[in-house]
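Participant: got a structure for you, letters missing:
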């Protein structure tokens, strides 16, 4: 679908062109400021700020979708591992007020100290530079969409 629409995601607006996966209760989108190549976000469709506010069906769909997406992302980016994280609340580093799971493909040597990725995750969106343009995100989402919907 070539029609671009804006939707509210937490306290920000995203475009439907950033979304590459959708189930009944879950969507996945490319990251405006990825920590590593292939860093994507998986989120419930319903606007929910905290993990504890999800209902059982949403939790089930969120994690089954995360597992499916993680498998495809790891293979596509030729990663050797994944970091999967939820920043649940302000003091956990959550900046978008909508529950989301971070999937970060990992390769040997991507961070000198393995746990440095968590520091980077907590601070990556607080820096002014490095924000991606809409076209770059739409192109990435289009490529990733083909992993899930090859005939579209």
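Facilitator: Arrived safely. Please read all numbers here as calculations on a predicted model, not as lab measurements.
Participant: can we go C-alpha only for contacts and neighbour counts from here?
Facilitator: OK.
Participant: name the helix or strand for residue 7, please.
Facilitator: strand 6-9 (DSSP states H and E).
Participant: next: residue 145.
Facilitator: If you go by DSSP H and E, residue 145 is part of helix 134-148.
Participant: elements contacting that helix?
Facilitator: Packing partners of helix 134-148 (3 or more C-alpha pairs under 8 Å, 6 or more residues apart in numbering; DSSP states H and E): strand 19-22, strand 26-30.
Participant: gap between the first one and the chain center?
Facilitator: Averaging C-alpha coordinates over strand 19-22 and over its chain gives two centres that are 10 Å apart (C-alpha atoms, centre = their mean, to the nearest Å).
Participant: tell me the mean pLDDT over that strand?
Facilitator: Computed over strand 19-22, the mean pLDDT rounds to 98.
Participant: who touches that strand?
Facilitator: 27, 28, 29, 30, 141, 142, 144, 145, 148 (C-alpha atoms under 8 Å, 6 or more residues apart in numbering).
Participant: buried only: go through those residues for me.
Facilitator: Those of these that meet the buried threshold are 27, 28, 29, 30, 141, 142, 144, 145, by 16 or more other C-alpha atoms under 10 Å.
Participant: return the helix or strand in the chain with minimum mean pLDDT.
Facilitator: Across the helices and strands of the chain, mean confidence by mean pLDDT, DSSP states H and E is lowest for helix 116-123: a mean of 78.
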